[in-house]
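[1] Kindly return the folded structure for what I paste below:
(one chain, ligands or ions: 2)
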Amino acid sequence: MAGRGGLLMLENFIGGKFLPCSSYLDSYDPSTGEVYCHVPDSGEEEVEAAVEAARAAFPGWSSRSPQERSQVLQRLADLLEQSLEELAQAESRDQGKTITLARTMDIPRAVQNFRFFASSTLHQTSECTQMDHLGCLHYTVRAPVGIAALISPWNLPLYLLTWKIAPAIAAGNTVIAKPSELTSVTAWMMCRLLEKAGVPPGVVNVVFGTGPRVGEALVSHPDVPLISFTGSQPTAERITQLSAPHCKKLSLELGGKNPAIVFEDANLDECIPTTVRSSFANQGEICLCTSRIFVQRSIYSEFLKRFLEATRKWKVGIPSDPSADMGALISKAHLEKVRSYIKKARLEGAQILCGEGVDKLNLPPRNQAGYFMLPTVITDVKDESCCMKEEIFGPVTCVVPFDSEEEVIQRANGVKYGLAATVWSGNVGRVHRVAKRLQSGLVWTNCWLIRELNLPFGGMKSSGVGREGARDSYEFFTEVKTITVKH
Ligand SMILES: NC(=O)C1=CN([C@@H]2O[C@H](COP(=O)(O)OP(=O)(O)OC[C@H]3O[C@@H](n4cnc5c(N)ncnc54)[C@H](O)[C@@H]3O)[C@@H](O)[C@H]2O)C=CC1
Ligand SMILES: N/C(=C\C=C\C(=O)O)C(=O)O
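    Ligands and ions are numbered 1, 2, ... in the order given. The predicted structure follows:
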């Protein structure tokens, strides 16, 4: 919808209707630094209306059969797929990611999320045990919980939001989604498809705005018993505090400081291009991205030389350029934060081998104020450095040598996060041994980001609470009851 100054103006989606808001936020095109869209700056009033709509829709939606709900999800997947190109263009512009990534990863995965949970929800079973000596049979039943708050970040906007909406509504809940205020457009576009897909009014409500205003009103609302959140650890702490008085169910998917461990028997022809991708895909703005690369000393020099060559070929370009490997970072503030880590590394005596401050970035005049930076490789950095400890969430990776298996396991585990590790080795015994000892919710060996949606996804330590996936999401979005029958 065109609004003030011909710019796109989004509206909240509550009870099946698009509703204007009394105030709006500016949303920037990361590739130019210009305002191109206005996003509702919602607050308590909008949350109250969304809760009312979600509450009214719950009895009807939760009493439909899984098959009926599944059909609605399948129709929504089909409609999203029919709009794939339009959604990909919008996601790329709104987030700064390349059009290629939006086309081949973000939007296809959003479609797949609905298809996957439309199917998996049909195959959930409950438990039953016998106690014949007492003449008892025990079984479990599961029921949707109620109104779910779904809060998502800006890095994979529709991908991560639909990863929450799909299982929540498949299980019979009604939802209030709050996308990141920095990337709201594709969620709003999805709302335009809900009625046609057969989603009844009030089953999916979307309120736009900032975390401190609308986010906090949502998570502290007494009639919202469960919260699924993906984002940063400080925000997760705040949400935990606000929800604690109500004992809400929480699923928290947080950040990472993910190690790649490259042993001397690794296949470098596969390892190097994959590790460039795992470090810099989506501008390094994926919680699963590699940011600490431990390389066995005997191959360290060769690895570094080849890794740098490959990184220099990783093309930074405007998001609409189909040949670009990397687009713009999400915001000016985020770009400055990422750059500040390079400055700190320099002050600590680390070497910046390529990228920020070393190589020149060529951009068209229109994009000079965009939030671009080059993929950056740091070496000679200590494990205690903030670049090796903190989540940078940008196109920055550190490469350091190691000597033994035991040493590298200790060092890889020596951070507060525990989300995703990669292990590169041709020795199958070592791969299993190391994977087992890493403190990490996910370990990819000789590959990265191959997702099996059935299996648990999530992190340990400060990387999160709970898991998502076919069974895990179903369990989170339902309440279980154990029934004992004496016969
Ligand atoms: N999945 C991940 O691991 C992600 C990690 N991050 C990390 O977080 C850093 C900051 O990025 P942000 O966008 O500020 O992440 P954030 O955690 O503040 O934002 C994520 C979502 O939470 C909402 N939110 C923020 N404060 C809230 C509050 N008090 N109550 C309820 N909802 C709230 C935001 O509006 C957004 O929808 C990044 O630099 C990166 O390090 C960011 C995005 C995703
Ligand atoms: N949660 C994030 C990525 C998830 C990817 C997936 O489910 O495949 C993130 O980057 O925040």
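
[2] So which bits of the protein are right by ligand 1?
    Counting by C-beta under 6 Å from any ligand atom, the chain comes close to ligand 1 at 151-155, 178, 180-181, 210-212, 215-216, 219, 230-232, 235, 238-239, 253-255, 287, 334, 391, 393. C-beta coordinates here come from the backbone N, C-alpha and C atoms, glycine included.

[3] Let's see which of those end up in strands.
    In this view, those that belong to strands under DSSP state E are Ile151, Lys178, Thr230, Glu253.

[4] so which of those residues is the most crowded?
    Within those, neighbour counts (other C-beta atoms under 10 Å) peak at Lys178, which reaches 29 neighbours.

[5] Setting aside sequence neighbours, what's the nearest residue to that residue?
    With sequence-adjacent residues excluded and distances taken as C-beta to C-beta, 6 or more residues apart in numbering, Lys178 is closest to Ile151, at 5.0 Å.

[6] Spit out the contact partners of that neighbour.
    Ala177, Lys178, Gly211, Gly215, Leu218, Val219, Ile227, Ser228, Phe229, Thr230, Gly231, Ile239 (C-beta atoms under 8 Å, 6 or more residues apart in numbering).

[7] residues touching the third one, list them.
    Under the criterion of C-beta under 8 Å, 6+ apart, the contact list for Gly211 reads Ile151, Glu181, Thr235.

[8] separation between the closest residue to the second one other than its chain neighbours and Ile176?
    To tie it back to what came earlier, the one meant is Glu181. The shortest distance from Glu181 to any non-neighbouring residue, by C-beta to C-beta, 6+ apart, is to Thr210 (5.0 Å). Going from Thr210 to Ile176 by C-beta to C-beta, to the nearest Å gives 15 Å.

[9] With distance to Cys386 as extra columns, can I get the contacts of Gly211 in a markdown table?
    Supplementary listing: the contacts of Gly211 in a markdown table, determined by distance: C-beta to C-beta, whole Å:
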| residue | distance to Cys386 |
| --- | --- |
| Ile151 | 27 |
| Glu181 | 27 |
| Thr235 | 20 |
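
[10] ok, those vs ligand 1, which is closest?
    Thr235 (3.3 Å; C-beta to the nearest ligand atom).

[11] and the gap between the nearest residue to the closest one once chain neighbours are set aside and Pro225?
    Leaving aside its sequence neighbours, Thr235 sits nearest to Gly211 (C-beta to C-beta, 6+ apart; 6.2 Å). Using C-beta to C-beta, Gly211 is found at 20 Å from Pro225.

[12] can you check Ala281 too?
    Distance, Ala281 to Pro225, using C-beta to C-beta: 36 Å.

[13] Can you pick out the residue with more neighbours from these two?
    Ala281 (23 against 18).

[14] ok so, going back, more neighbours: which of Thr210 and Ile176?
    Using other C-beta under 10 Å as the criterion, Thr210 and Ile176 rank with Ile176 on top: 26 against 17.

[15] got the contact list for that one?
    47, 50-51, 54, 147-150, 205-207, 218, 224.

[16] beta partners of it?
    Ala149, Asn205 (DSSP bridges).

[17] what do you get for Trp424?
    Beta-bridge partners of Trp424, as defined by DSSP bridges: Val262.

[18] about what we covered before: now for the ones in strands among the residues of the chain next to ligand 1: which two are most distant?
    Farthest apart among these by C-beta to C-beta are Lys178 and Glu253. That separation is 14.9 Å.

[19] Tell me where the longest helix sits in the protein.
    When the chain is parsed with DSSP state H, its longest helix is helix 44-62.

[20] next SSE after that one?
    Per DSSP states H and E, the first helix or strand lying C-terminal to helix 44-62 is helix 66-82.

[21] how far out from the middle of the chain is the helix or strand encompassing Pro167?
    Under the criterion of DSSP H and E, Pro167 resides in helix 157-170. Counting by C-alpha atoms, centre = their mean, to the nearest Å, helix 157-170 is centred 11 Å from the centre of its parent chain.
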